[in-house]
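> Need coordinates for the below:
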Amino acid sequence: MPLIRAEDLHRNYQMGHTTVHALDGVNLAVHEGEFLTILGPSGSGKSTLLHLVGGLDRPTSGRIWVGDREVTALDENELAAYRRQEVGFVFQSFNLVSTMTALQNVAFPMFFARVPPAKRQERARHLLKLVDLGDRIDHQPTELSGGEQQRVAIARSLANDPTIILADEPTGNLDSHTGAEVMRVLGRLNQEQGRTIVVVSHDPTVMAFVKRSIHLLDGQVVDDSLSR
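Prediction:
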């Protein structure tokens, strides 16, 4: 059974007198341990789809399951727990707390999961070493390059050992070389830990790093193929 299942997803937005169909009947199945990208131009619905799977938004109609849990049936408190426990998010703009060190940023999500302080520190150090930043743990975001900040964000996404990692344009603010480094880190997490990773991007070069590519256009899946 797929780890992620989306069935006939629709997401409509009202802009004045116009109804925008961000998603128009999307079906999706992602198996455990897959590493895939959702590609498409701006406005194709790819970030909307990611936000629905991550529990950041609700569909106008349709259903989503992660494992045996129907995400679209959860109430707000259950959704918050789902986001905290099951999903790791990586965003284009890094979203690091500027006044915190790399170690503190990675440890921060564990505070809300009520992990004891000593264990938070220990796990944060381990995760930063995992993304090759063991020597940068005491640096604040302004003291890190864009690629290093994104690797801190990836380490933070792993803090509560999520079932899936959802990355929304993780290379969007990076040059091609640095973006490739970030994609290689995600690929290593997939290969070595079996992490299920979904990357949203408008950049077709990410296809070189993933195993499957789904193309969206005007809120619909127009292609779903193995990349390698």
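> which secondary structure element contains Ala155?
Secondary-structure element containing Ala155, defined by DSSP states H and E: helix 146-157.
> And the helix or strand containing Ile38, what does it pack against?
Element membership for Ile38 (DSSP H and E) is strand 35-39. Secondary-structure packing of strand 35-39 (3 or more CB pairs under 8 Å, 6 or more residues apart in numbering; DSSP states H and E): helix 46-53, helix 176-193, strand 196-201, strand 212-217. For glycine as for every other residue, the C-beta is placed from the backbone atoms N, C-alpha and C.
> The same query, at a cut-off of 6 Å, please.
With contacts defined as 3 or more CB pairs under 6 Å, 6 or more residues apart in numbering; DSSP states H and E, the secondary structure elements packing on strand 35-39 are strand 196-201, strand 212-217.
> and Ser201, how far is that from Val30?
Applying CB to CB, to the nearest Å, the value for Ser201 to Val30 is 16 Å.
> Those two: who's more crowded?
The residue with more neighbours, out of Ser201 and Val30 and counting by other CB atoms under 10 Å, is Ser201; that gives 24 against 21.
> can you tell me which residues contact that one?
Taking CB atoms under 6 Å, 6 or more residues apart in numbering as the definition of contact, the neighbours of Ser201 are Thr37, Leu39, Glu169.
> do Ala113 as well
By CB under 6 Å, 6+ apart, the neighbours of Ala113 are Asn160.
> Mind doing that once more with 8 Å?
If you count contacts by CB atoms under 8 Å, 6 or more residues apart in numbering, Ala113 has them with Arg84, Gln85, Ala159, Asn160.
> Out of those residues, list just those in helices.
Using DSSP state H, the members of those that fall in helices are Arg84, Gln85.
> Nearest the middle, which residue of this structure would you pick?
If you average the C-alpha coordinates of the chain and look for the closest C-alpha using CA atoms, centre = their mean, you land on Leu166, 1.5 Å from that point.
> Name the residues of stretch 178-194 that are buried.
Residues of stretch 178-194 classed as buried: Thr178, Gly179, Ala180, Glu181, Val182, Met183, Val185, Leu186, Gly187, Leu189, Asn190 (neighbour count, 16 or more other CB atoms under 10 Å).
> Tell me the gap between it and the middle of its chain.
In terms of CA atoms, centre = their mean, to the nearest Å, the centre of stretch 178-194 is found 13 Å from the chain centre.
> Give me the contacts around that stretch.
Residues contacting stretch 178-194 (CB under 8 Å, 6+ apart): 32-33, 35, 130-132, 145-147, 150-151, 154, 158, 165, 167, 170-171, 174, 195-197, 199, 203, 205-206, 209-210.
> Give me the residues contacting stretch 39-50.
Counting by CB under 8 Å, 6+ apart, stretch 39-50 makes contact with 6, 9, 11, 22-24, 26, 28, 38, 57, 166, 168-169, 198, 200-202, 204, 206-207, 213-220, all of which sit outside it.
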